[in-house]
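>>> With the sequence up front, the predicted model follows.
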Amino acid sequence: MTNSITPLQAFDDNYIWCISNAQQKKALVIDPGDSQVVLNYLASHAYQLCAILVTHHHYDHTDGINGLLQRYPDTPVYGNGDSPCSAISQPLDDGDHITIMGQEFQLLTVPGHTLDHVAYYDAKNQQLFCGDTLFLAGCGRIFEGTAAQMHQSLQKLMALPSAVQAYPAHEYSLANLAFAAAVEPDNKDITQTIKQAQQKRQQGEPSVPSSLSQEALVNPFVRCHIPAVIVAANQKAERQLASQTDVFATLREWKNNF
Ligand SMILES: [Zn+2]
């Protein structure tokens, strides 16, 4: 495959992921919250914009769409057919496949952070663009859905092959890992991942993507079945939590105030 993936930084900590093809001079972007950073990047490489993918309706993922459409008027905008984002021109359902620049993406609905949240999964290239649902060692806040929905959505993503690389929309890794270490102080994989993420950040590089196999080792929100995580959540809640969903809800609440 000749496509490459570039993180375009926006606002304080957003990543607008750009998939480009240098031969074809084409690019697509995922969650363009800011049009200017995308326009600058496209212009500097003489790329034509050929698609916009939206994971959910929040402004920091969608506010750049109109500016991009002014410059590239016929660009299709893909997203959840039930999204309140009015710029979506190509509404999709769970399981739908789209092919852009030779890459095939499957749309996965993952409600919780918002009700319209979706992820884009390329099975062949083992890439997952997961917006504000899954972060390195963390997950999005629950704004519109329930804890049960968010927990289910994370499990849906973790059921994908473990080698899949997850591309989140924010650089939250170090804060997430600090929380993960508070939940599981004896988890050596977390300690190791903190070192790796610190190194990358010191070099000015993104700490992401991460693999789902790594998330399985360090992300407390996908480890609600692990005894050490359950013990920590029980202590926080000061009771025996009855289910993994309760463990998840307790962790999410704990992180909100961490
Ligand atoms: Zn969001």
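Nice, thanks for sending it over.
>>> For the stretch 51-200 of the chain, what lies in contact range of the ion?
If contacts are counted using Cβ under 5 Å from the ion, the residues of the stretch 51-200 of the chain sitting beside the ion are 58, 132. From N, CA and C alone the C-beta is placed, and that goes for glycine too.
>>> the strands in the stretch 51-200 of the chain, which residues?
In order along the chain, the stretch 51-200 of the chain carries the following strands (DSSP state E, counting those that start in this stretch): 77-80, 90-92, 97-100, 103-109, 118-122, 127-131, 134-135, 138-139, 165-168.
>>> Can you lay out these as CSV showing mean pLDDT, distance to residue 234 and mean neighbour count?
Putting these into CSV (pLDDT from 0 to 100; distance: least, Cβ to Cβ, whole Å; neighbours: other Cβ atoms under 10 Å) gives the following:
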stretch, mean pLDDT, distance to residue 234, mean neighbour count
strand 77-80, 98, 36, 24
strand 90-92, 98, 40, 17
strand 97-100, 98, 42, 13
strand 103-109, 98, 31, 20
strand 118-122, 98, 31, 24
strand 127-131, 98, 29, 26
strand 134-135, 98, 24, 26
strand 138-139, 98, 20, 27
strand 165-168, 98, 28, 24
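>>> Same list, these, but as CSV with distance to residue 208 please.
Converted to CSV, the strands of the stretch 51-200 of the chain look like this (distance: least, Cβ to Cβ, whole Å):
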stretch, distance to residue 208
strand 77-80, 22
strand 90-92, 24
strand 97-100, 22
strand 103-109, 18
strand 118-122, 14
strand 127-131, 10
strand 134-135, 8
strand 138-139, 11
strand 165-168, 6
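>>> ok, the closest residue to residue 91 other than its chain neighbours to the ion distance?
Counting by Cβ to Cβ, 6 or more residues apart in numbering, the nearest residue to residue 91 once its immediate chain neighbours are dropped is residue 81, at 3.1 Å. Using Cβ to the ion, to the nearest Å, residue 81 is found at 19 Å from the ion.
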